[in-house]
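Trainee: Predicted model, plus sequence, below.
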Amino acid sequence: GGPAQSPSPSPTQKQTQQPASGSCSNPSCFSPPCAAMLLGDVGCTTVSGVETSAHELLNAGDTIASNAHIYGPFEAGFTSKQDSIIKNWGCTDPSIVYDADGGKDIGIAERAVAYKCSIEFPRTQGSTYFGVVGPCGGHTSDYHFHRAFKCLYQEQGGHSTKVGVVGQWNMYGKWED
């Protein structure tokens, strides 16, 4: 995924909610311990959040609906299908970052794009965030998280709230006093 092409909404623009495009279904673990997959669905969020910057299809202030997919920490790869997204990141020749096999951690994938395209990546310009995933940690029209979940919990109090369920285990934000 890539950054939003539209600026953040003005006070008169309608705020939108990113729909949960595909139904989120938690994987089952019938004989624990079970490893979470590194690619694809591993769980579902239990709370909604508000995006802080424009990224891909979302504007700053848009709601990310609860029951969004939680994917593993690896990206599925980049091909010519993502050319417009890659160009929007600032990479003049998208083919130099093609990786049809994927399987790279999001942070490593972002560093590879930065190096190969000679750009600062991820970065924020004005109210738009340019990165494989947005500041909240997710991307695409079938919004799914890979990391961070920053917009799903407050960094205050004794402990973060529950933000999702992975298998039969609850997942919480990173905040702990």
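Mentor: Great, that's in hand.
Trainee: Could you list the low-confidence segments of this protein?
Mentor: Along the chain, segments meeting pLDDT under 70 span 1-22, 177.
Trainee: Could you list the residues in contact with the helix ranked longest in it?
Mentor: The longest helix of the chain (DSSP state H) is helix 106-117. Contact with helix 106-117 is made by 73-75, 86, 89-93, 96-97, 99, 104, 119-122, 131-133, 146-147, as judged by Cβ atoms under 8 Å, 6 or more residues apart in numbering. Every residue, glycine included, has its C-beta placed from N, CA and C.
Trainee: Show me which of those are buried.
Mentor: 73-75, 86, 89-91, 97, 104, 121-122, 131-133, 146-147 (16 or more other Cβ atoms under 10 Å).
Trainee: Show me which pair in these is furthest apart.
Mentor: Put simply, by Cβ to Cβ the two of the buried ones among the contacts of helix 106-117 set farthest apart are P73 and G90, 24.0 Å from each other.
Trainee: Against V47, how distant is I85?
Mentor: Distance, I85 to V47, by Cβ to Cβ, to the nearest Å: 27 Å.
Trainee: could you pull out the strands for this protein?
Mentor: In the chain, the strands defined using DSSP state E lie at 17-18, 41-45, 49-50, 63-64, 69-71, 74-75, 104-105, 123-125, 128-130, 138-139, 144-145, 162-166, 169-172.
Trainee: okay, the ones you listed in CSV with distance to Q154 next?
Mentor: What follows is the strands of the chain, written out as CSV (distance: least, Cβ to Cβ, whole Å):
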stretch, distance to Q154
strand 17-18, 20
strand 41-45, 15
strand 49-50, 10
strand 63-64, 15
strand 69-71, 19
strand 74-75, 28
strand 104-105, 27
strand 123-125, 21
strand 128-130, 20
strand 138-139, 18
strand 144-145, 17
strand 162-166, 11
strand 169-172, 12
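Trainee: Can you say which of those strands is nearest to P33?
Mentor: Here strand 169-172 is closest among the strands of the chain (Cβ to Cβ), at 10.5 Å.
Trainee: in the closest one, what's buried?
Mentor: By 16+ other Cβ under 10 Å, the buried positions in strand 169-172 come out as M171.
Trainee: contact partners of it?
Mentor: Under Cβ under 8 Å, 6+ apart, the answer for strand 169-172 is G43, I70, Y153, H159, S160, T161, K162, V163, G164, V165.
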